[in-house]
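1. Give me the fold of what follows.
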Amino acid sequence: MLNETIKQYRKEMKLTQEQLAEVMGVTVGAVSKWELGLSNPDIMLLPKLARLFGISLDVLFSFELTDSSADDLSEEIKTYRYEKQYDKGMEVALNGIQRYPNHFDLLYQSAALFMLHGVERGNKESLEKAMELYRRSCPLVGQSKDDRVSELSIQISIGEILSYIGKTDEAFEHLKKYNYCGINNSMIGILLSQGKNPEEAFTYLSDGLIDFIADFMRCCVGFANAYHETKNSEASYDVLNMMYDLTKHLRKNENPSYIDKLQVILLAGMSHFCIASLQFDKAEDCLRTACDLALRFDKEPDYNAQNIKFYQSKKQIFGDDTGETAMESIERIILLEENNVDFLKQVWNTILIEKGLRHDKTSNKS
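-> Numbers count the residues shown, from 1 in each chain. Next up, the predicted model:
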C-alpha cells in the first residue's frame, strides 16, 4: 500500500512528518493523510517522492522490490575518493545528487570527496562545494548508519573548510561554537598561531596537548593489552615503549614532574611484556629504572600540568588509578599478571633491598 510505503521510508530516513512536508512543499496535514491512507500524493509529486526516498516508482507503489542504487552510488563515490580518482568521482557525485538530493550518505560521501580534492589540489571551488554538501547533509544525519558520523563531526569538517578557503575569523568562531569537551582545541590553536596575536594560541594548544597526552596514553595501554591477549607481547612492549619515548620530550626541566610517574607506569608495564617474551634481564632493567624514577617523584610529587614542556595554560592537575605514590604504582602493576608475579616480585624485592628500602630476612639466619 502506498501509505505504508511512504511511512516506512520516511521513518527509515529519520524524517518527521513536518520535515517531509517541508521537503515536498505540502502541509503536515497532507503528509498525515497520505500515511493514514485517507488521500494520495498528487501525481506530479510522486517522482519527487521516489527520488527523496532513493527508490523507483515501482518500489514506491509495490514495496516488493528494493532499489539500492543510491547506496551503490555512495559506495562508488567512496571508492573513487580512496583511489583519488577525483574527476570520475565528482561526476558520479553530481549526477547522483541530482537523482537523490536527500539521501544522506550520498551527500556526505560526495562532500568528503570534494573536500579531499579541494585540500590536495588547492581547489577553492571544490572546497566550497564540499561545504555546501556538508550543510545539506546535516538535517539528514539521522539517516546515517555510521556511528562515527554525527552533526558535530560534520560541523567540524565545515570549520576546517572555512579555514582552508581563508575565512579564518569565521572558521575560528565556528570551531569555538562546536568545541565540545575541547575537541577543536588544536585546530583553534593553529588558526590563532597564524593570526595577529599568536600568544592567544598557547591556551588552546596547551589544553590540546594535555588531552593528547591522556588520550595517547590510554590508546597505547589499550593496544598493549590487546596485543598481550592475542599473544604478541613484543608488540605490547613496543607500543608502551613508543609512549615512553614520547614522554622523554615532554620533560620541562630536571625537576620532578608527572612525567616521572607516567614513565614509572609505562616501565612497570613493559617489564611484564619483557618476561612474556623471555627477556628477563630487560624486565629487570625496566624495574630498576622505574624504581629510581618513583623515588625521585615521591620525594617531591608534582601533578601540575604547568610543569609539562610547552604547556602554557591555567593550572591543571593530573591523576591516575595506579596508586597514590609512584612506588605503589609499580607494586600494583607487578601484581596484575599472575604468570609473571613470582619473578617480578623477586626482582622487585631484590631492588628494594639494594636500595635499603626493605630488610633482607635471609641475612639474619645463622
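
2. Point out where the stretch 1-150 of the chain drops to low pLDDT.
-> For the stretch 1-150 of the chain, the stretches with pLDDT under 70 are 58, 62-68.

3. The residue nearest to residue 76 when sequence neighbours are not counted: what's it in contact with?
-> Leaving aside its sequence neighbours, residue 76 sits nearest to residue 92 (Cβ to Cβ, 6 or more residues apart in numbering; 5.8 Å). Using the backbone N, CA and C atoms, a C-beta is placed for each residue, glycine as well. Contact analysis of residue 92 by Cβ atoms under 8 Å, 6 or more residues apart in numbering lists 73, 76-77, 80.

4. so how far is residue 120 from residue 92?
-> The gap separating residue 92 from residue 120 is 18 Å, by Cβ to Cβ, to the nearest Å.

5. rewinding a little: narrow the contacts of residue 92 to those in helices?
-> 73, 76-77, 80 (DSSP state H).

6. which residues of the stretch 51-200 of the chain fall in helices?
-> Ranges of helices within the stretch 51-200 of the chain are 57-62, 69-82, 86-99, 104-121, 124-137, 151-164, 168-177, 185-193, based on DSSP state H, counting those that start in this stretch.

7. looking at the ones you listed, which is closest to residue 335?
-> The closest of these to residue 335 is helix 185-193. By Cβ to Cβ, the value is 37.0 Å.

8. so what does that closest one touch, helix or strand wise?
-> Counting contacts by 3 or more Cβ pairs under 8 Å, 6 or more residues apart in numbering; DSSP states H and E, helix 185-193 is packed against helix 151-164, helix 168-177, helix 201-229.

9. now those in a markdown table, with mean pLDDT, mean neighbour count and distance to residue 315?
-> Below are the helices and strands packed on helix 185-193 laid out as a markdown table (pLDDT from 0 to 100; neighbours: other Cβ atoms under 10 Å; distance: least, Cβ to Cβ, whole Å):
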| stretch | mean pLDDT | mean neighbour count | distance to residue 315 |
| --- | --- | --- | --- |
| helix 151-164 | 97 | 20 | 28 |
| helix 168-177 | 96 | 16 | 22 |
| helix 201-229 | 95 | 17 | 11 |
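
10. okay if I get the ones you listed as CSV plus distance to residue 137?
-> What follows is the helices and strands packed on helix 185-193, written out as CSV (distance: least, Cβ to Cβ, whole Å):
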stretch, distance to residue 137
helix 151-164, 6
helix 168-177, 16
helix 201-229, 27
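
11. With respect to residue 1, which of the ones you listed lies nearest?
-> Between the helices and strands packed on helix 185-193, helix 151-164 lies closest to residue 1; by Cβ to Cβ that is 33.6 Å.

12. chain center to stretch 219-231: distance?
-> Relative to its chain's centre, stretch 219-231 lies at 18 Å (Cα atoms, centre = their mean, to the nearest Å).

13. Pull the residues that contact it.
-> So stretch 219-231 is contacted by 233, 235-237, 239-240, 242-243, 269, 272-273, 276 (Cβ under 8 Å, 6+ apart).

14. What subset of those is buried?
-> Neighbour-count burial (16 or more other Cβ atoms under 10 Å) is assigned, among the contacts of stretch 219-231, to 233, 235-237, 239-240, 243, 269, 272-273, 276.

15. Looking at the residues you listed, which is nearest residue 326?
-> residue 269 (13.4 Å).

16. Please identify the helix or strand for the closest one.
-> Using DSSP states H and E, residue 269 sits in helix 258-276.

17. and which of the buried ones among the contacts of stretch 219-231 is nearest residue 191?
-> Among those, and counting by Cβ to Cβ, the member closest to residue 191 is residue 243, at 28.6 Å.

18. these two touch, right, residue 295 and residue 327?
-> Yes - if you go by Cβ atoms under 8 Å, residue 295 and residue 327 touch, sitting 7.1 Å apart.
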